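Asker: Sharing a sequence plus its predicted fold:
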Amino acid sequence: MRYIKLISFLFATLFIMSCQEDDLTLDTIVVPTDLQVSTNISDDGSGMVEFNATANDAITYEYNFSDGSSAVAPSGTYTKRFTRTGLNTYLVTVVAYGKGGVSSSMSLEVEVESDFNDPETKQFLTGGSSKTWYVAAVEAGHLGVGPNFVADGVAGAFPEYYQAAPFEKAGDEISSCFYTDELTFTEDGENIVYNQDNMGRTFFNVDYVTEFGGGGGQDECIDYDTSGEKSVTLAPAENGVPADATTGTEIQLGGGGFMSYYIGASNYEVLSITENTMHVRAIPGSNPDLAWYLKFTTTPFDQQQAGSG
């Protein structure tokens, strides 16, 4: 009887301890309160706005903008450039997240003036309605990498470390998906939207391969879903590239969008663009000392192959 009572006592003790642990866990899940957001709106026509969010019991914040873009800001501070020309009003929704994913939110409007306008790049990018771009596999250096900065404050504009040879990634399952991407930019009123059809597979930089289920050790094609419309913002490029080597405009893709080669970047400086060609530069999320380069064309891959023969 003592043995049975002892066992019963131990079970009762464990049950009480378990309940106490559950109670402690539940106590840590607190909805953020007293969410407040302040703004600092630039009056120089740059379209820059600094947001500062604070809330009790918040561990991170998310900003969602009516132009379709969004951003996560763990500290609550985030600076955004609004680029629609003229004086415009934008709706901003701020979400404060607490432990366990609980959240509270608030919305506010900001009135911002922007003098930036690049109708030429917009026209070339979209064709005035909708245009699809492909990796320019036939061109030397359609993929390349070089140093981000070559001197104090001066950014590199040439892939001096590596330049892919024409069709270098074709014919090998580990890399051939790089050439099947279809990148479509479409005008939607005053806005631009972006759709990427990767045919189910994306070419990942080695720094991200294991993160997305690859084998690691080298760049690799991995199954990945790129469906869904992404917002596009054209903004002044501020990467330090010499003026004679760039258009001065940057393509900013919302919703984690990227252009064909995954390097953890969504912003691409347009070095040059014509009706049928585009050359861009981007800083990888894994190494700010590098700059990657991509060349695109409006000619599909199979036609590039046929033309090269």
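Answerer: Perfect, I can see it now.

Asker: rest of the way, CA atoms for contacts and neighbours
Answerer: Will do.

Asker: The closest residue to Ser130 other than its chain neighbours - how many residues pack around it?
Answerer: Of all residues not flanking Ser130 in the chain, Thr186 sits nearest, at 4.1 Å (C-alpha to C-alpha, 6 or more residues apart in numbering). Thr186 has 21 neighbouring residues, counting by other C-alpha atoms under 10 Å.

Asker: quick one: Thr186 and Thr126 touch, right?
Answerer: Yes - with contacts counted by C-alpha atoms under 8 Å, Thr186 reaches Thr126, the gap being 5.5 Å.

Asker: Go ahead and name everything in contact with stretch 96-113.
Answerer: Contacts of stretch 96-113 with the rest of the structure, by C-alpha atoms under 8 Å, 6 or more residues apart in numbering, involve 28-33, 35, 41-43, 45-49, 55, 57-62, 82, 85-95.

Asker: In that stretch, which residues are buried?
Answerer: Judged by neighbour count using 16 or more other C-alpha atoms under 10 Å, the buried positions of stretch 96-113 are Ala96, Tyr97, Gly98, Ser103, Ser104, Ser105, Val112, Glu113.

Asker: Can you convert these into JSON lines and add a column each for secondary structure, pLDDT and distance to Leu143?
Answerer: Listed next are those as JSON lines, based on DSSP: H, G, I helix; E, B strand; the rest coil; pLDDT from 0 to 100; distance: C-alpha to C-alpha, whole Å:
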{"residue": "Ala96", "secondary structure": "strand", "pLDDT": "97", "distance to Leu143": "39"}
{"residue": "Tyr97", "secondary structure": "strand", "pLDDT": "97", "distance to Leu143": "39"}
{"residue": "Gly98", "secondary structure": "coil", "pLDDT": "95", "distance to Leu143": "41"}
{"residue": "Ser103", "secondary structure": "strand", "pLDDT": "96", "distance to Leu143": "42"}
{"residue": "Ser104", "secondary structure": "strand", "pLDDT": "97", "distance to Leu143": "43"}
{"residue": "Ser105", "secondary structure": "strand", "pLDDT": "97", "distance to Leu143": "42"}
{"residue": "Val112", "secondary structure": "strand", "pLDDT": "95", "distance to Leu143": "37"}
{"residue": "Glu113", "secondary structure": "strand", "pLDDT": "94", "distance to Leu143": "37"}
